[in-house]
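Need a 3D model of the sequence below.
(3 chains)
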Amino acid sequence: MSVYRGPERLTNESYMPQASPVRLFKQRLEGRIETHWHEFFEMGFVVGGSGTHVLNGVPMRLSRGDLFLLTPADFHSLEPDSGGTLELYDLIFNDQFIRDPLLELLFDRGTHRTACYDREETEAAEREFELIWKESADWQAGSGMLVQGSVERLLIQLSRRSREAGDEYASSGGQAVNQPIQPSVRKALIYIQHHFRDTITLEDAAGSCGLSPNYFSECFRKGTGVTFQTYVQELRMQFAKSLLKSTRLPVTEICFASGFNTLPHFERAFKRRFGASPREHRKQ
DNA sequence: TCGCCCATATGGATTCCGAA
DNA sequence: TTCGGAATCCATATGGGCGA
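All right, here's what the predicted structure looks like:
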């Protein structure tokens, strides 16, 4: 049994010790936040300053009005511009906080969940965050529903905007997005996207949508065009590739962090997929 | 110590088919 | 539409070795 030792992993116990499934922070960054990931979801909204956000190894500029959502499957780092600061709202919540229809809305089309709001949208989003902030500071009867409503409005708006802007990012796992996917399989896709770094079996995925393993395997292939095993492997490969590109972690650690259990298997699979070993790929 | 490669056994995934 | 049984396939784990 290997013990994972990768970039910092922020746990529910450390950051969400209270009974509430959601927490909001106001952050003013003056230095770099190193690469890390979480057991919870994180929604960031920039209200001032500028900097760089490296999401899954892909750098992007951040300035006022930018909003991003990270799942437990994503990793990132943040850095304000030299000599400057980056001010943002940082909302964290666990998966129980999002209702199933919203989960499907957010995660049934790939993994690109960022948006750059115009002035009007920015002001509207700021009002939502301000409401959450005030309710959190003075929790009373009805606060839970108000916060839930604000967060859901923010997520729906993000989903709509990232759909418009990020269609080219869809289907990163190879799914046939133009073909209607059975709702139960779509539910399993979300489950897989959030658990592919762990030891996940066909039975687990089938169980997440209430189907038998055999039948799920058939439905999955019909709906996505690839087998369950191929889909999980591709997610792991892309994750490992991003880690190689954006961190200095040893290949061994990246192997385990990506959900592979043995190094030889990881190296062989990586070379077969990308035409170069992990080390060669990093050099390139 | 780390990264890479090879051979082999094994267990899980896939597929097909009949039944409810 | 969904399930379970059975046969087959193949990804994975394991152990060992080599070079930098």
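
and A:Arg28, that one's in a strand?
Yes. Under the criterion used here (DSSP: H, G, I helix; E, B strand; the rest coil), A:Arg28 sits inside a strand.

Tell me how far it lies from A:Asn261.
41 Å (CB to CB, to the nearest Å). Every residue, glycine included, has its C-beta placed from N, CA and C.

gap between the two ends of stretch A:205-225?
Across stretch A:205-225, the terminal residues are separated by 17 Å (CA to CA, to the nearest Å).

In it, which residues are buried?
By neighbour count on 16 or more other CB atoms under 10 Å, the buried set for stretch A:205-225 is A:205-206, A:208-209, A:211, A:216-217, A:219-220, A:223-224.

does any part of that stretch sit near DNA strand C?
Yes. Against DNA strand C, stretch A:205-225 shows contacts by CB under 7 Å from any atom of the strand at A:210-212, A:214-216, A:219.

so how far is DNA strand B from the residue nearest the centre of chain A?
Nearest to the centroid of the C-alpha atoms of chain A, with distances taken as CA atoms, centre = their mean, sits A:Thr71, at 2.6 Å. As judged by CB to the nearest atom of the strand, to the nearest Å, A:Thr71 and DNA strand B stand 22 Å apart.

and what of A:Ile192?
Relative to DNA strand B, and taking CB to the nearest atom of the strand, A:Ile192 is found at 11 Å.

and that residue, what is it in contact with?
A:200, A:205, A:228, A:231-232, A:235 (CB atoms under 8 Å, 6 or more residues apart in numbering).

and of those, the nearest to A:Thr52?
Nearest to A:Thr52 among those: A:Leu235, at 25.1 Å, using CB to CB.

ok, the closest one touching A:Gln193?
Yes. The criterion here is CB atoms under 8 Å, and A:Leu235 meets it with A:Gln193 at 6.9 Å.

Against DNA strand B, which of the residues of stretch A:205-225 next to DNA strand C make the cut? List them.
A:Asn214.

number of nearby residues for A:Gly44?
By other CB atoms under 10 Å, 22 other residues sit near A:Gly44.

for it, phi and psi?
Dihedral angles of A:Gly44 (phi, psi; degrees, to the nearest 10) stand at phi -110, psi 140.

State the distance from it to A:Thr230.
A:Gly44 is 32 Å from A:Thr230, by CB to CB.

Just to be sure, A:Glu130 is in a strand?
No. A:Glu130 is assigned helix when assessed by three-state DSSP, not a strand.

which residues touch the nearest residue to A:Tyr191 once chain neighbours are set aside?
Excluding the flanking residues, the one nearest A:Tyr191 by CB to CB, 6 or more residues apart in numbering is A:Ser208, at 3.8 Å. Neighbouring residues of A:Ser208 by CB under 8 Å, 6+ apart: A:187-188, A:191.

what do you get for A:Gln96?
Taking CB under 8 Å, 6+ apart, one finds A:Pro21 in contact with A:Gln96.

that older thread, DNA strand B: which of the contacts of A:Ser208 is nearest?
Closest approach to DNA strand B among the contacts of A:Ser208 (CB to the nearest atom of the strand): A:Ala188, at 11.0 Å.
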